[in-house]
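> Have a look; sequence and predicted model below, questions after that.
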Amino acid sequence: EESLFGTGTANLLSRELPGYGYEVKEVVKHANPTRDFNNIVLRMKAVNPDIVIPANYYNEYALLVRTMQQQKVAPKAIYSVLGGAASSYKFLKEFPDAANGIIDCNHWFNPKDKRAVDLRKRVEAKNLFFTYEIFNTYTAVRLLADAIDKAGRDGKGADRAAITAALAAS
């Protein structure tokens with residue numbers, strides 16, 4: 001998508017991928033929001049890329065891959081670096097066929113960490129999806145609470161400088 005988020009990701013990948021032996025065939029920008037990806041997917045079909053790397057938010061991501069599925073555009077891989085739907089249980093539940101086979105390298109939690117598993121259970125008990133916004137926010141708050149606690153233990157009190165130093169040392 002055409003914001004700083006999408007174009008920044010596209011520019012970085014366009015600059016770096018050729019050094020790893022990848023040819024960037026085309027970078028396609030779209031407005032946010034976009035409600036119709038038919039023309040973009042037709043262009044994609046004509047270019048016939050091996051890999052598609054979407055960089056957009058949930059609604060556009062879901063619509064893009066569903067449109068690709070409808071138009072039978074099946075690259076060898078859809079590689080989600082910062083694609084807003086791939087890391088979403090909502091997307092997996094609502095569009096399992098479209099989500100199938102997508103390689104997700106987006107935000108994720110450690111499924112072996114008991115704290116993360118327990119948090120997921122608490123979130124889902126409230127009929128919510130365990131999104132990366134939830135576990136990233138929870139992790140950030142725990143990190144800050146730990147830094148405030150450590151900053152207060154050294155006898156200096158929990159002033160900003162002590163908290164910043166504790167965060168840097170975490």
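Perfect, I can see it now. Numbering: from 1, shown residues only.

> now the worst-scoring helix or strand of the chain on mean pLDDT: how far from the chain's centre is it?
Within the chain, no helix or strand scores below strand 103-104, which has a mean of 85 by mean pLDDT, DSSP states H and E. For strand 103-104, the separation from the chain centroid amounts to 10 Å (computed by Cα atoms, centre = their mean, to the nearest Å).

> what's it packed up against?
Judged by 3 or more Cβ pairs under 8 Å, 6 or more residues apart in numbering; DSSP states H and E, the packing partners of strand 103-104 are strand 77-80. C-betas here are computed from N, CA, C, even on glycine.

> and the strand it packs on, what other elements does it pack with?
strand 51-52, helix 58-70, strand 103-104.

> what's the span of stretch 94-110 from first residue to last?
From its first residue to its last, stretch 94-110 covers 23 Å (Cα to Cα, to the nearest Å).

> Which helix or strand lies directly C-terminal to the least confident helix or strand of the chain?
Of the helices and strands lying after strand 103-104 in sequence (DSSP states H and E), the nearest is helix 114-125.

> and the residue lying closest to Asn106 once chain neighbours are set aside, what does it touch?
Spatial nearest neighbour of Asn106, chain neighbours left out: Ser87 (3.9 Å); criterion: Cβ to Cβ, 6 or more residues apart in numbering. Counting by Cβ atoms under 8 Å, 6 or more residues apart in numbering, Ser87 touches Ser80, Asp104, Asn106, His107, Trp108, Thr131, Tyr132.

> With adjacent residues omitted, what lies nearest to Asp97?
Gln69 (6.6 Å).

> Okay, now the unreliable bits of this protein?
83-84, 154-157 (pLDDT under 70).

> Let me see the ranges of the helices in it.
Taking DSSP state H as the test, the helices found in the chain are 4-16, 38-47, 58-70, 89-94, 96-99, 114-125, 132-153, 160-169.

> and the fourth one, how far out from the chain's middle?
In terms of Cα atoms, centre = their mean, the centre of helix 89-94 is set 14 Å apart from its chain centre.
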